[in-house]
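**Student:** Predicted model and sequence follow; I will ask about them next.
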Amino acid sequence: MAKLLAEHTDFFSLFGLERTARLCPTELELRYLRETRKVHPDRNQGEEEAALEASAILNEAQTTLSMPWKRYPYLA
């Protein structure tokens, strides 16, 4: 799980988006919630640390993509 997330250096691909996609805040939030449910520690018994790390990566990605001033340098 965390290994899969660690391989993703592109925040857009974590949510299944293309870099050129126009981001609707609602769609981004739904995709974020869908992915965080997959890596939630309660669903991944025995891998709590990896689940927390994956959640942190997803949180950083969602924060970056949801704010245009943070997303713009990431696109360049």
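**Tutor:** Yes, it's here.

**Student:** tell me the secondary structure for the residue nearest the centre of the chain?
**Tutor:** Nearest to the mean C-alpha position of the chain, by Cα atoms, centre = their mean, lies L58 at 3.1 Å. At L58 the chain is in helix, as set by DSSP: H, G, I helix; E, B strand; the rest coil.

**Student:** for the protein, what helix or strand is lowest in average pLDDT?
**Tutor:** Least confident helix or strand of the chain, by mean pLDDT, DSSP states H and E, is helix 2-7 with a mean of 54.

**Student:** Give the next helix or strand downstream of that helix.
**Tutor:** Note on helix 2-7: by DSSP states H and E, the next helix or strand toward the C-terminus is helix 11-14.

**Student:** Is there a neighbour count for the closest residue to Y32 other than its chain neighbours? I'd like the number.
**Tutor:** The shortest distance from Y32 to any non-neighbouring residue, by Cβ to Cβ, 6 or more residues apart in numbering, is to Q62 (4.3 Å). In this view, the C-beta of every residue, glycine as well, is placed from N, C-alpha and C. Q62 has 20 neighbouring residues, counting by other Cβ atoms under 10 Å.

**Student:** repeat for D10
**Tutor:** 13.

**Student:** can you check C24 too?
**Tutor:** Other residues close to C24 by other Cβ under 10 Å number 9.

**Student:** Quick check: phi and psi on it?
**Tutor:** phi -90, psi 130 (degrees, to the nearest 10).

**Student:** if I pick it, what's in contact with it?
**Tutor:** The contact partners of C24, by Cβ atoms under 8 Å, 6 or more residues apart in numbering, come to none.

**Student:** Distance of it relative to A51?
**Tutor:** 27 Å (Cβ to Cβ, to the nearest Å).

**Student:** Same check on T20?
**Tutor:** Counting by Cβ to Cβ, the gap from T20 to A51 is 31 Å.

**Student:** confidence score at E60?
**Tutor:** Per-residue pLDDT puts E60 at 89.

**Student:** For it, which non-adjacent residue is spatially closest?
**Tutor:** Closest to E60 by Cβ to Cβ, 6+ apart is F11, at 7.7 Å.

**Student:** same check, this time on P25
**Tutor:** Excluding the flanking residues, the one nearest P25 by Cβ to Cβ, 6+ apart is S66, at 6.4 Å.
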